[in-house]
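# Give me a 3D structure for the following:
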Amino acid sequence: MSDPLKNGVLAVQTIRNNIMASTLLATTAITLSSLIDVFVSTTSDSGNTASRLVYGNKSPILSSVKYFSILLCFLVAFLLNVHSIRYYAHVRFLASVPTWKGQKYYLEYVAQNLNRGSYFWSLGL
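Take a look at the predicted model:
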């Protein structure tokens, strides 16, 4: 950040790659959540289709708890990845701003937001 003309493009491209990775993970999590919802909501003539997909399933209540737990995990992963995208986008704008470059609190603020975005990405992964 000390020389935005030399390293500014590299920083923005690196953060863009992190945003793309978070977007892919968020899309995958919400897609899997919707697929789990479809499996749980469909039934066939011989009983619940979802109960045949779960290994070791003995009761429909246990099956529902398993699917709800998996669904909850994917929804939390989606939300964490969205927060990661939010922080990375904020850092991308802050890293390319030419003002306040010499001030220590500005650099700490940018680093803190970058660390938060990385933390949310790790949790979402």
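# May I see the buried residues of the helix or strand harbouring S64?
Per DSSP states H and E, S64 falls inside helix 60-95. For helix 60-95, a neighbour-count test (16 or more other C-beta atoms under 10 Å) marks 63, 66-67, 71, 74, 77-92, 94-95 as buried. No exception for glycine: its C-beta is placed from N, CA and C like everyone else's.
# immediately after that helix, which helix or strand?
helix 104-124.
# what about dumping the CA coordinates of that following helix to PDB?
Extracted C-alpha coordinates of helix 104-124, given in PDB (Å, rounded to 0.1, in the frame of the first residue of the first chain):
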ATOM      1  CA  LYS A 104      -0.700   4.200  10.800                       C
ATOM      2  CA  TYR A 105      -4.300   3.800  11.900                       C
ATOM      3  CA  TYR A 106      -5.400   3.600   8.200                       C
ATOM      4  CA  LEU A 107      -3.000   0.700   7.500                       C
ATOM      5  CA  GLU A 108      -4.200  -1.100  10.700                       C
ATOM      6  CA  TYR A 109      -7.800  -0.700   9.700                       C
ATOM      7  CA  VAL A 110      -7.200  -2.200   6.200                       C
ATOM      8  CA  ALA A 111      -5.200  -5.100   7.700                       C
ATOM      9  CA  GLN A 112      -7.900  -5.700  10.300                       C
ATOM     10  CA  ASN A 113     -10.600  -5.900   7.600                       C
ATOM     11  CA  LEU A 114      -8.400  -8.200   5.500                       C
ATOM     12  CA  ASN A 115      -7.900 -10.500   8.500                       C
ATOM     13  CA  ARG A 116     -11.700 -10.500   9.200                       C
ATOM     14  CA  GLY A 117     -12.400 -11.400   5.500                       C
ATOM     15  CA  SER A 118      -9.900 -14.300   5.700                       C
ATOM     16  CA  TYR A 119     -11.300 -15.400   9.000                       C
ATOM     17  CA  PHE A 120     -14.800 -15.600   7.600                       C
ATOM     18  CA  TRP A 121     -13.500 -17.400   4.500                       C
ATOM     19  CA  SER A 122     -11.800 -20.000   6.700                       C
ATOM     20  CA  LEU A 123     -15.000 -20.500   8.800                       C
ATOM     21  CA  GLY A 124     -17.100 -20.700   5.700                       C
END
